[in-house]
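Participant: Turn this into a model:
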Amino acid sequence: MVQAMATNNQQSQLAVETTKHEKSKTDAADSLEEVSNLVANVSLSDPTPITYIQYTDETQMPLIMRLIQKDLSEPYSIYTYRYFIHNWPNLCFLAMAGEDNCVGAIVCKLDLHKKVARRGYIAMLAVDSNYRKRRIGSTLVKKAIEAMVEDDADEVVLETEITNKPALKLYENLGFVRDKRLFRYYLNGVDASRLKLWLR
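Facilitator: Here you go, the predicted model:
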């Protein structure tokens, strides 16, 4: 009789523990589903839409200069900007987050190289550090290359610091190859890597 009661107690206790375990699993599943729903509703991207525009007039010059001076290691005078932008305005593009907030810019030129090839040259590319990882840089480069193709470019070249891994990766992902190493090319003493993209 005592043994039977003990067995019944053990079975009851086992049933209670099993029920608790099942409830715990159900609660955990509910919690996991709730967390998944919360994560699904969270947007990790900046809601500010980016629009891409071609350079149109001198009022955009300060926007480009402010961005490039903050981002690039080489100092440029106003005359350098004007040389590129006034001669090749169709090869200058801006990425805008709002009406007056320039968050990306590319400045290029296109001319005859050694009287043979029409060579495009990417002189400056800068993206605001708060807007990186949104493909702004690669979009600007693509727009510039498309404009160069329309002008019958044969190739595109540029230089970037050999230590600038993100820039090297961006250009190589777009099909550029490392063509030459230029020793102590920049004023800060850093070597440059010349990259080239053949279009024909």
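
Participant: Return the helix or strand in this structure with minimum mean pLDDT.
Facilitator: helix 2-40 (a mean of 49; mean pLDDT, DSSP states H and E).

Participant: which other residues reach the next helix or strand after that one?
Facilitator: Beyond helix 2-40 on the C-terminal side, the first helix or strand identified by DSSP states H and E is strand 51-54. With contacts defined as CB atoms under 8 Å, 6 or more residues apart in numbering, strand 51-54 is touched by 89-90, 92-96, 139-140, 143, 147. Using the backbone N, CA and C atoms, a C-beta is placed for each residue, glycine as well.

Participant: mind listing which of those are in helices?
Facilitator: Using DSSP state H, the subset of the contacts of strand 51-54 located in helices is 139-140, 143, 147.

Participant: Considering those, which possesses the most neighbours?
Facilitator: Ranked by neighbour count under the definition other CB atoms under 10 Å, those are headed by Leu140 with 24 neighbours.

Participant: How much space separates that one from Leu63?
Facilitator: 14 Å (CB to CB, to the nearest Å).

Participant: Ok, Ile136 next?
Facilitator: 14 Å.

Participant: any weak-confidence spans in the chain?
Facilitator: By pLDDT under 70, the weakly predicted segments of the chain are 1-46.

Participant: switch to 50 and redo it
Facilitator: The chain contains residues with pLDDT under 50 at 2-6, 14, 16, 21, 28-29, 32, 35-44.

Participant: number of nearby residues for Asn152?
Facilitator: No, residue 152 isn't Asn; it's Asp. Neighbours of Asp152 (other CB under 10 Å): 10.

Participant: Now do the same contact list for it.
Facilitator: With CB under 8 Å, 6+ apart, Asp152 has these contacts: Arg118.

Participant: what do you get for Lys142?
Facilitator: Per CB under 8 Å, 6+ apart, neighbours of Lys142: Leu174.

Participant: still on that earlier bit, what two of the contacts of strand 51-54 are the furthest from one another?
Facilitator: Pro89 and Thr139 (18.7 Å; CB to CB).

Participant: tell me which strands and helices the helix or strand hosting Arg66 is in contact with?
Facilitator: Assigned by DSSP H and E, Arg66 belongs to helix 61-71. Other elements packing on helix 61-71 under the criterion 3 or more CB pairs under 8 Å, 6 or more residues apart in numbering; DSSP states H and E are helix 78-87, strand 92-96, strand 102-113, strand 117-127.
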